[in-house]
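Pasted the sequence and its predicted model underneath.
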Amino acid sequence: MVQQRPTLSIVVPCYNEEPVMEETIRQLSDVLNGLIGEELVSDKSFLLFVNDGSSDRTWEMITEHHERNPLVYGLKLAANVGHQNALLGGLMQAKELADCVISIDADLQDDVRVIREFVLRYLEGNEIVYGVRECRSTDAWFKRNSALAFYRLMKWMGLRVVYNHADYRLMSKNALEQLAKFKEVNLFLRGMVPLIGLKSTTVKYNRLERFAGESKYPLKKMLAFAFEGITSLSVEPIRLVTVSGFLFFGVSILAGIYSVLSKLSGNVVTGWTSLMLSLWFIGGMVLISLGLLGEYVGKIYKEVKHRPLYLIEQELYSLTGSLMKAK
Ligand code: UDP
Ligand code: MG
């Protein structure tokens, strides 16, 4: 049973977002104040800005706003740990104080007007509300199509994916408690959240251009993130390697029979080219397989180390004294 006026938290990971902070804080405060005014959420609701080891004035700006805007809370991580870890850090802190938490990027690419819709869906009893991009017209052709290929690949590997959903979503406290039980350190939140189950729904929105500043996900990082996502959640690639191993074994037996037969029939094989080609091909396959295995071994190594995903340096919460116990 969902209570009437839940406390909402909006978690925003920020890494060197100085050019957008002012506007982001203004817009999110307006939205949250609107929801409080409408009595959709409680007046204890807050914005939690997670500073992910920025080297610019991002944290100073959060602190300044915290001092004059009661909605603004801050969480300073001790070092830059990347978007996914920073977001998880924010979510885990926010769930202690809130009934439901929305995650959103600092750059205002995700339409803030949808927040109200998220809350309404939550009040209807949904534990997870996924923001789904309706059209990707603000993306370049390549990003649009590579993203589609990526979702198809994930689906084909048997992973539960929500098409065109990034990390713009609402999660209830209950859903976050479940997420906290996932002990993995190779994070790919948008692949993990659908594993939780619980009642969920989607809300469509249009993604806008970055308001200011630069994307922290250039092509190289984007591909790395996609690769990370797949190898963190699925062992399907390793299975493919095994399957292709058997396939090549079969082909080599056939080739062997063929060459013996042609030798017996007097046809001496002169094919240097085919020899070279197959050598290269098989060599490549072996290297890829080894690399893939290495990737998984590396991941296991990371998991068994159980390093903390983020370390908190400083917390700025409610000035009225409902300070959270430090963990
Ligand atoms: N971000 C972060 N730590 C990082 C990189 C990015 O907290 O190491 C934050 C960033 O400030 C933004 C969000 O993650 O709020 C998404 O990053 P960005 O907008 O650059 O990614 P894109 O939208 O281009 O995929
Ligand atoms: Mg962005």
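Received, thanks. Ligands and ions are numbered 1, 2, ... in the order given.

Does ligand 2 have contacts with stretch 166-174?
No. If you take C-beta under 5 Å from the ion as the test, stretch 166-174 misses ligand 2, and the best it gets is 8.6 Å. C-betas here are computed from N, CA, C, even on glycine.

Now do that stretch, average pLDDT.
Across stretch 166-174, the average pLDDT comes to 94.

buried residues in it?
By neighbour count on 16 or more other C-beta atoms under 10 Å, the buried set for stretch 166-174 is Ala166, Asp167, Tyr168, Arg169, Leu170, Met171, Ser172, Lys173.

Now, those that are in helices?
The helices, defined by DSSP state H, take in Lys173 from the buried residues of stretch 166-174.

Would you map the strands across the protein?
Applying DSSP state E to the chain gives strands spanning 8-14, 46-51, 72-77, 100-103, 128-133, 165-172, 200-205, 312-316.

okay, the angle between the fifth one and strand 200-205?
Per axes from the mean of the first three to the mean of the last three C-alpha atoms, to 10 degrees, the angle that strand 128-133 makes with strand 200-205 is 30 degrees.

contact partners of strand 128-133?
With C-beta atoms under 8 Å, 6 or more residues apart in numbering as the test, strand 128-133 has contacts from 110, 114, 118, 121-122, 162-166, 168-172, 175, 193, 196, 198-207.

which stretches of the protein have low pLDDT?
The chain contains residues with pLDDT under 70 at 1-3, 136-138, 211, 267-270, 272-273, 276-277, 318-327.

So which residue of it lies furthest out from the middle?
Among residues of the chain, the one most distant from the C-alpha centroid is Gly266; the distance is 61.2 Å, by C-alpha atoms, centre = their mean.

Excluding sequence neighbours, find me the nearest residue to Ser172.
Leaving aside its sequence neighbours, Ser172 sits nearest to Glu127 (C-beta to C-beta, 6 or more residues apart in numbering; 4.3 Å).

So the one you found is in contact with Leu176, correct?
No. Taking C-beta atoms under 8 Å as the definition, Glu127 is not a contact partner of Leu176, at 9.4 Å.

number of nearby residues for the residue nearest to Ser172?
Each residue near Glu127 was counted by other C-beta atoms under 10 Å, and the total is 21.

Over to Ile115?
Neighbour count of Ile115, defined by other C-beta under 10 Å: 26.

What of His65?
The burial count for His65: 21, using other C-beta under 10 Å.

contacting residues for it?
Counted by C-beta under 8 Å, 6+ apart, His65 has contacts Met21, Ile25, Val72.

Using CSV, lay out those residues together with neighbour count.
Shown next, in CSV, are these (neighbours: other C-beta atoms under 10 Å):
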residue, neighbour count
Met21, 25
Ile25, 22
Val72, 22
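
For Thr58, state which of the residues you listed is nearest.
Distance to Thr58 across the contacts of His65 (C-beta to C-beta) is lowest for Met21, with 6.1 Å.

so what's that closest one up against?
Met21 makes contact with Cys14, Thr58, Met61, Ile62, His65, Ala106 under the criterion C-beta under 8 Å, 6+ apart.

Relative to ligand 2, how far out is it?
14 Å (C-beta to the ion, to the nearest Å).

same thing with Met222?
Noted for Met222: a distance of 11 Å to ligand 2, by C-beta to the ion.

what number of residues lie near that residue?
Neighbours of Met222 using other C-beta under 10 Å come to 16.

Mind giving me the PyMOL select for the contacts of strand 128-133, buried ones only?
In PyMOL, this line selects whichever of the contacts of strand 128-133 come out buried by 16+ other C-beta under 10 Å:
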select buried, resi 110+114+118+121+122+162+164+165+166+168+169+170+171+172+175+193+196+200+201+202+203+205+207
